[in-house]
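[1] Model the structure of this input:
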Amino acid sequence: MKRSINQSIVLNGTESKIRNLLVDFCGQYNQTAQQPLELRITGGWVRDKLLGNESNDLDIAINVLSGEDFASQLLSYAHSQGVDLGKNASSLHTIKKNPEKSKHLETCTTKLYGLDIDFVNLRSEQYTEDSRVPIIECGTAEEDALRRDATLNALFYNLNKGEIEDLTGKGLEDLQNGILRTPLQPLQTFLDDPLRVLRLVRFASRFNFLIDSDTLQAMKDERIRSTLVHKISRERVGVEVDKILTSDNVQYGLRLINYVGLTESIFNSGVISETVDAINDKSILEELEVRKQSSIYRIDASTQAYQAFRQYIASSSNVQFKRMVEDVFVSKPLQKLFWLCTALQPYGNIRVKINPKKLSLLSYVELVLKEGLRFGKHDYDSAASIVDKLDSSDVLHRLFQDGQVSRSDLGLYIRQFGSFFPINVVVNAFNDFLSATDIPIHIEDVPSPQNVEFACNTEIMENLTSEYERLLATISDYQLENVNSMKPLIDGKFIAKAIGRKPGPWMSSVTGEVLRWQLDHPKGTQDECIAHIREILD
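    Numbers count the residues shown, from 1 in each chain. Here you go, the predicted structure:
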């Protein structure tokens, strides 16, 4: 689908000042240089400006100097000319060549007029069969363009000339047509660095671009799956997955991952997979295999049904639930959490050993997020809590089936999720929707940015939204909106002193009982609570 793109790049005020400074410096440098200094802005900035979007991601490629040498000389030149470059402009941060950390070429970062700018050499890359880490050399502009992940990301803006350069010959056309294709032969491009597959998926889900058919076919090669697992750090995989799950078309990105067969290569236990396989019982490993397949179908079903789910709720008269859903999806972190919980739902309530010297078990959902994607505690704690309790909520079942539940049961249920209770509600509702809906399988269909045509059963959706509206109304009726901040009326030390017992392990269960009693007796006193605790302990 053709889209409107700018035919030239229009610089804003700050960008114009940066260009003028750089061009003036080049002019002075080139008066005595044997080889003229030429500067190009590379990568996403050029793409974004042509699409009409502003970008602060300024990477400037240099043809004859290292990034550090260039930046040092530039700052000296600016100082000699009395140019005020803004706060922190004198600070240089250089990342030296370090193949082990995937920082293959020296990069120097500084601030100019308030913007962080990376200076790096034009480069060429050569890969060997034995290593994913390339041999890096200074290269020409053409070589630098050809090593990039997509033609539309290989567009340069020549600062000296003030011109766009399309050195692959396809970048501008592909950008206008919304096509992602590799500058060189796609399979070799992906085998050299399999992370490029996820980068293309990320750009597709961010911009609603199509992936060229030859490129998409190459992404399905089985060798990429193995290389992605064994040769790419899980941190790098996690960064790309994070960006996909916070994009504007997550369902398209997940459908692409499913289609090219990378679901299992992404959602796994990372570097400790061999340990998990070696120390867990055969029955657990067999169950994991079943659930891996279920996860693929789960992603297929959820990405088909998601838009219909959202559209129905948007038109619903159940205003509290409608508002809660809208609030969740306004937040990119909560959107990410929603899709993590949805994709990993089949792994709920399965726990595995991860250390042969310990008997303790870990939630597999937590393991995938912690080790497989290297996400932080904020993600894996909340996702594991939601998913592992997803199909076992007796509280919601009783409320929806019987129409009532005690204040203490509901309050303690809410407290399990803390500030993530709203996303827990939305995930539960979507899970109920999927469970009640017959959704055809479309895993083999070539994904497109458009939403899959799917009509939801209005009776199912009306019942579902009414149930969750009742949940929120009950919370309001019980005045449980602030239950997460509720403090126990009395603590363990107070109880021990009041009943004349020494503090010990018995106190933990009693503290929980205090909260339960307190929720059922919101106007109760400390003395009444102590009397209740005495009855329990006697």
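[2] okay, and for this protein, where does confidence drop off?
    1, 88-105, 124-137 (pLDDT under 70).
[3] where along it do the strands fall?
    39-42, 58-62, 93-95, 107-112, 115-121, 123-128, 131-138, 156-158, 163-165, 179-180, 210-211, 351-352, 362-363 (DSSP state E).
[4] closest to residue 223 out of the ones you listed?
    strand 131-138 (12.1 Å; C-beta to C-beta). C-betas here are computed from N, CA, C, even on glycine.
[5] residues contacting residue 172?
    5, 50, 155, 164, 166 (C-beta atoms under 8 Å, 6 or more residues apart in numbering).
[6] Would you mind confirming that residue 59 is in contact with residue 118?
    Yes. Using C-beta atoms under 8 Å, residue 59 is in contact with residue 118, at 4.8 Å.
[7] Please work out how many residues are found near residue 200.
    28 (other C-beta atoms under 10 Å).
[8] what's across from the closest residue to it other than its chain neighbours in the sheet?
    In space, residue 200 comes closest to residue 180 once its chain neighbours are excluded; the distance is 5.1 Å by C-beta to C-beta, 6 or more residues apart in numbering. Counting by DSSP bridges, residue 180 forms beta bridges with residue 211.
[9] buried stuff in the top helix by length along the chain?
    Ranked by residue count and defined by DSSP state H, the top helix of the chain is helix 282-314. For helix 282-314, a neighbour-count test (16 or more other C-beta atoms under 10 Å) marks 284, 287-288, 291, 295-296, 298-309, 312-313 as buried.
[10] Over to stretch 66-78?
    66, 67, 68, 70, 71, 72, 74, 75, 77, 78.
[11] can you check stretch 347-357 too?
    Residues 347, 348, 350, 351, 352, 353, 354 are the ones in stretch 347-357 that count as buried (16+ other C-beta under 10 Å).
[12] With stretch 152-171 instead?
    152-157, 159-160, 164-168, 170-171.
[13] Go through these and say which is closest to residue 488.
    residue 153 (55.6 Å).
[14] can you give me the offset of the longest helix of the chain from its chain's centre?
    18 Å (C-alpha atoms, centre = their mean, to the nearest Å).
[15] And stretch 215-224, by the same measure?
    22 Å.
[16] what does it contact?
    With C-beta under 8 Å, 6+ apart as the test, stretch 215-224 has contacts from 180-182, 186-187, 189-191, 194, 197, 200, 211, 259-262, 446.
[17] same thing with stretch 378-395?
    Contacts of stretch 378-395 (C-beta under 8 Å, 6+ apart): 336-337, 340-341, 344-345, 347-349, 363, 365-366, 369-370, 405, 409-410, 413, 416-417, 420, 423-424, 427-428, 431.
[18] Alpha carbons only: can I get it in CSV?
    C-alpha atoms of stretch 378-395 as CSV (Å, rounded to 0.1, in the frame of the first residue of the first chain):
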residue,chain,number,x,y,z
HIS,A,378,8.5,-5.6,37.7
ASP,A,379,7.5,-7.7,34.7
TYR,A,380,8.1,-11.3,35.8
ASP,A,381,6.6,-10.9,39.3
SER,A,382,3.3,-9.4,38.1
ALA,A,383,3.0,-11.6,35.0
ALA,A,384,3.7,-14.8,36.9
SER,A,385,1.2,-13.8,39.7
ILE,A,386,-1.6,-13.1,37.2
VAL,A,387,-1.0,-16.1,34.9
ASP,A,388,-0.6,-18.6,37.7
LYS,A,389,-3.8,-17.6,39.3
LEU,A,390,-5.7,-17.1,36.0
ASP,A,391,-7.7,-20.3,35.9
SER,A,392,-8.0,-20.9,39.6
SER,A,393,-9.9,-17.9,40.9
ASP,A,394,-12.6,-19.3,43.1
VAL,A,395,-13.5,-15.7,44.1
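[19] Pull out the buried positions in it.
    Buried residues in stretch 378-395 (16+ other C-beta under 10 Å): 379-390, 395.
[20] Spell out the residue ranges of the helices in the stretch 101-250 of the chain.
    Secondary structure of the stretch 101-250 of the chain (DSSP state H, counting those that start in this stretch): helices at 141-146, 171-177, 186-192, 195-207, 213-219, 222-230, 234-245, 250-259.
[21] that older thread, and the buried residues of stretch 152-171, which is closest to residue 28?
    Using C-beta to C-beta, residue 160 comes nearest to residue 28 of the buried residues of stretch 152-171, at 12.9 Å.
[22] Would you check how far apart that closest one and residue 77 are?
    Distance of residue 160 to residue 77, given as C-beta to C-beta, to the nearest Å: 16 Å.
[23] go on, residue 49?
    Distance from residue 49 to residue 77, by C-beta to C-beta: 26 Å.
[24] Equivalent analysis for residue 161, please.
    20 Å.
[25] thinking again about what came up before, now for the buried residues of stretch 66-78: which two are most distant?
    Farthest pair in these, by C-beta to C-beta: 66 and 78, 18.4 Å.
[26] Spatially, what comes nearest to the spatially most central residue of the chain if we skip its sequence neighbours?
    Centroid check for the chain by C-alpha atoms, centre = their mean gives residue 242 as the closest residue, at 1.6 Å. Counting by C-beta to C-beta, 6+ apart, residue 242 lies nearest to residue 336, which is 6.7 Å off, once chain neighbours are set aside.
[27] Would you mind measuring from that neighbour to residue 329?
    11 Å.
[28] quick one, which of the two is more surrounded?
    residue 336 (22 against 14).
[29] Now do the same contact list for that one.
    Per C-beta under 8 Å, 6+ apart, neighbours of residue 336: 242, 245, 246, 379.
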